[in-house]
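> fold the following.
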Amino acid sequence: MMNLFAKLGTASLIALSAVSVMAPSVSAAGLSSPAETVRYQHHGRDICSPLMAVRKARAAGIRRAEIAKITPRRVVVVGRSHHGMERMVFANQSDCPVLRR
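Below is the predicted model:
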């Protein structure tokens with residue numbers, strides 16, 4: 001029985017040493033798992049498109065909405081509401097957050 005435990009212990013030591021020797025050689029060979037090679041693609045600067053700003057203004061109740069001015073920081077949309085002429089100002093970022101109405 002003791003001889004069996006000795007053989008199992010020796011076999012496990014050999015197996016562990018073989019695994020520890022294989023890890024550096026695998027990384028030196030350039031083999032990697034797919035999780036390490038994930039790349040995120042950034043498609044340019046995230047800006048507020050004029051079409052999205054007009055759509056958001058129309059959804060907020062401005063009729064005949066059109067772009068009045070586009071700057072690097074904001075997009076201004078003008079149109080009509082029940083109270084007359086109205087303007088909405090959006091930040092020139094993705095998802096067009098409303099700055100002022």
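
> and the protein, what are its domains?
Structural domains annotated on the chain: 2-37, 50-100, as defined by automatic domain parsing.

> what's the average pLDDT for the longest one?
Spelled out, it's domain 50-100. Averaged across domain 50-100, the pLDDT comes to 94.

> tell me how far that domain lies from the chain's centre.
26 Å (CA atoms, centre = their mean, to the nearest Å).

> endpoint to endpoint, it covers what distance?
Start-to-end span of domain 50-100 (CA to CA, to the nearest Å) is 16 Å.

> cool, and stretch 48-67?
Start-to-end, stretch 48-67 (CA to CA) is 12 Å.

> what does stretch 70-87 give?
13 Å.

> hey, what's M88 bridged with?
Bridge pairing for M88 (DSSP bridges) gives the partners V77.

> burial measure for it, as a count.
M88 is flanked by 24 other residues according to other CB atoms under 10 Å. Heads up, the C-betas are built off the backbone N, CA and C, glycines and all.

> returning to what we had before: just say which of the domains of the chain is most tucked in.
domain 50-100 (a mean of 15; mean count of other CB atoms under 10 Å).

> ok, the residue nearest the centre of the chain to N92 distance?
With distances taken as CA atoms, centre = their mean, Y40 lies nearest the centre of the chain, 7.5 Å away. Counting by CB to CB, to the nearest Å, the separation of Y40 from N92 is 23 Å.

> likewise L4?
75 Å.
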